[in-house]
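>>> what follows is a predicted protein model with its sequence.
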Amino acid sequence: MRQQHDGSNLIRLGILALPVAGVLTFVGLIGRYNTPNPRLAPKVAAQAASTTCYVVSQFVGNVLGLTLLIFGVLALTVYLAETRGKRVALAAMILSIAGIAPIMSAMGVTTYVLPVLGRAYLSGQQDTLLIVDSIFGQPLTGIFLVAFVLYAMGFVLFGVAIWRSGVLPKGAAISFGVHAPLFASFIRSPPSILTLVGSLLFIYGGTLIALNVFRRASAGESGTEGKLTTVEHQSS
């Protein structure tokens, strides 16, 4: 009984990672929003990428946010394992993680490389523009494209699994399913307004799921305590 209780707590913590990951990723998107195109305004773009605020926001969004998202995806899959949507959830987990992992590696460029190149450009190394063009050409563009297709497919399937489950709100299913293709526009640099909307939909869906899971857990624990109290009274 103790092990089962601890396992349930771990699943709930993992579910909580969903809205938290959404908020952290949103911070990263805001940090890059309206950042000028380095081809059109290289100096302004270099100055923006060199700031501490930019570096921190990208680390929070691209590293911490996406890492937590993987834990949230795993916990959601386990939570749906005993529902009618379990098979769809398993496929959704595989596709979404297959998308998140290469996104994390590719976004390392935005997080760690661009600030260095920005400082190099401001110090007079004009050829850093050529490096930026080379980085964001092939094969990185192809990696982004495949990753976001996998990501979008995975979370659309999560929406289907949540809808079928009967234990999670359908509003979360809609939010997860709709956010995926919008958030996939994240491939653009800087992120568009559609990307921000998709991110907010994910936060909304993740919050609905977390509230529902914790509410059901509290109701279950209250019911268990009531049964134990009744048994104790009967025994006495």
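Great, that's in hand.
>>> next SSE downstream of the helix or strand where Leu129 lies?
Using DSSP states H and E, Leu129 sits within helix 128-135. Where DSSP H and E defines the elements, the next helix or strand beyond helix 128-135 is helix 140-165.
>>> quick one, the helix holding Leu129 and helix 140-165 angle?
50 degrees (axes from the mean of the first three to the mean of the last three Cα atoms, to 10 degrees).
>>> which other helices and strands does helix 128-135 contact?
Secondary-structure packing of helix 128-135 (3 or more Cβ pairs under 8 Å, 6 or more residues apart in numbering; DSSP states H and E): helix 114-122. Just so you know, the C-beta spots here come from the backbone N, C-alpha and C atoms, and that holds for glycine as well.
>>> contact partners of the helix it packs on?
42-43, 45-50, 54-55, 128-129, 131-132 (Cβ atoms under 8 Å, 6 or more residues apart in numbering).
>>> go again with 6 Å.
Helix 114-122 has contacts (Cβ atoms under 6 Å, 6 or more residues apart in numbering) with 46, 49-50, 55, 128.
>>> same question, stretch 68-75
Under the contact criterion Cβ under 6 Å, 6+ apart, stretch 68-75 has outside partners 11, 14-15, 17-18, 20-21, 93, 96, 100.
>>> for it, give the mean pLDDT please.
Stretch 68-75 shows a mean pLDDT of 96.
>>> of all the contacts of helix 114-122, which comes closest to Arg216?
Val55 (40.0 Å; Cβ to Cβ).
>>> from Ala45, how far off is the nearest residue in space to the closest one that is not next to it in sequence?
Leaving aside its sequence neighbours, Val55 sits nearest to Pro115 (Cβ to Cβ, 6 or more residues apart in numbering; 5.2 Å). Pro115 sits 11 Å away from Ala45, going by Cβ to Cβ, to the nearest Å.
>>> against Asn212, how distant is Ala219?
In terms of Cβ to Cβ, Ala219 sits 11 Å off from Asn212.
>>> also Met153?
Applying Cβ to Cβ, the value for Met153 to Asn212 is 24 Å.
>>> ok so, going back, Pro115 and Ala45: who's more crowded?
Ala45 (22 against 19; other Cβ atoms under 10 Å).
>>> list the contacts for Ile143?
102, 106.
>>> is Gln125 in a helix, a strand, or coil?
Under DSSP: H, G, I helix; E, B strand; the rest coil, Gln125 falls in the coil class.
>>> read off the pLDDT value for it.
pLDDT, Gln125: 85.
>>> going forward, begin numbering at 5 instead of 1
Shifting the count to begin at 5 puts that one at Gln129.
>>> next, the buried residues of stretch 196-205.
196, 199-200, 202-205 (16 or more other Cβ atoms under 10 Å).
>>> okay, now Ser109: neighbour count?
Neighbour count of Ser109, defined by other Cβ under 10 Å: 11.
>>> what strand or helix carries it?
Applying DSSP H and E as the criterion places Ser109 in helix 90-112.
>>> buried set for that helix?
90, 92-93, 95-101, 103-104, 106-108, 110-111.
>>> hey, C-alpha coordinates of that helix in CSV?
Below are the C-alpha coordinates for helix 90-112, written out as CSV (Å, rounded to 0.1, in the frame of the first residue of the first chain):
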residue,chain,number,x,y,z
LYS,A,90,-4.0,3.9,-23.2
ARG,A,91,-2.8,2.7,-26.7
VAL,A,92,-3.2,6.1,-28.3
ALA,A,93,-1.4,7.6,-25.3
LEU,A,94,1.5,5.2,-25.8
ALA,A,95,1.8,6.2,-29.5
ALA,A,96,1.5,9.9,-28.5
MET,A,97,4.3,9.5,-25.9
ILE,A,98,6.7,7.9,-28.5
LEU,A,99,6.0,10.5,-31.1
SER,A,100,6.1,13.5,-28.8
ILE,A,101,9.4,12.5,-27.1
ALA,A,102,10.8,11.7,-30.5
GLY,A,103,10.0,15.3,-31.4
ILE,A,104,11.1,16.9,-28.1
ALA,A,105,14.6,15.3,-28.0
PRO,A,106,15.9,16.8,-31.3
ILE,A,107,14.2,20.1,-30.5
MET,A,108,16.3,20.3,-27.3
SER,A,109,19.5,19.6,-29.2
ALA,A,110,18.7,22.1,-31.9
MET,A,111,17.6,24.8,-29.4
GLY,A,112,21.0,24.5,-27.8
